[in-house]
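> Pasting a predicted model and its sequence here:
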Amino acid sequence: MRQRDRLRILNHMVQRFQAHFDASFAALADATRRGVLDQLARGDASITDLADRFGMTLTGMKKHVGVLESAGLVSTEKIGRVRTCRIGPCRLEEEMAWIARYRQRWDARFEALDGVIDELKRQEKARGRTKRT
């Protein structure tokens, strides 16, 4: 396989991975969609039930469910005239790993900042003692 073909495959994988993340985070960015996920974690529900619970139109809820479904966070099944929603196959494991990496970086930065603050407090205390004597 030529180098150019390898780069094209790698670029496709990165774009696919990025598109997956974009869809997941876009779906989770909306409070109503997070609420729908919370509701579905308790049990399956029809789009009509969800629309009623969130005080919105059926069309509006269908759009929210569509975004969640595109991200793999919700799956739907139509039986007769009722479309039932349930938690989807996406378990957000990759997203959680990505967040965990950044959390580790932020934790390290905050620990370093705590060290600087502690040192400044020690210096301030030492200056206070020097002024009194």
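Done, it's in. As the structure is a computational prediction, the values presented were derived from the model and not from experiment.
> residue nearest the centroid of the protein?
Taking Cα atoms, centre = their mean, the centroid of the chain lies closest to F25, which sits 4.7 Å from it.
> in which helix or strand would I find that one?
The secondary structure element spanning F25 is helix 3-28 (assigned by DSSP states H and E).
> tell me the mean pLDDT for that helix?
In this model, helix 3-28 has a mean pLDDT of 65.
> Check stretch 102-114 too.
Mean pLDDT, taken over the full extent of stretch 102-114, equals 90.
> Kindly format the C-alpha coordinates of that stretch as PDB.
This file holds the C-alpha atoms of stretch 102-114, laid out as PDB (Å, rounded to 0.1, in the frame of the first residue of the first chain):
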ATOM      1  CA  TYR A 102      -8.800  16.300  29.600                       C
ATOM      2  CA  ARG A 103     -10.000  16.000  33.200                       C
ATOM      3  CA  GLN A 104      -6.500  14.500  34.100                       C
ATOM      4  CA  ARG A 105      -4.900  17.500  32.400                       C
ATOM      5  CA  TRP A 106      -7.100  20.000  34.300                       C
ATOM      6  CA  ASP A 107      -6.600  18.200  37.600                       C
ATOM      7  CA  ALA A 108      -2.800  18.400  37.100                       C
ATOM      8  CA  ARG A 109      -3.100  22.100  36.300                       C
ATOM      9  CA  PHE A 110      -5.200  22.700  39.400                       C
ATOM     10  CA  GLU A 111      -2.800  20.800  41.600                       C
ATOM     11  CA  ALA A 112       0.000  22.900  40.300                       C
ATOM     12  CA  LEU A 113      -2.000  26.000  40.900                       C
ATOM     13  CA  ASP A 114      -2.800  24.800  44.500                       C
END
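> Name the residues of stretch 22-30 that are buried.
Of the residues in stretch 22-30, those with enough neighbours to count as buried (16 or more other Cβ atoms under 10 Å) are 23-24, 27-28. Any C-beta I mention is one placed from the backbone N, CA and C, and that applies to glycine too.
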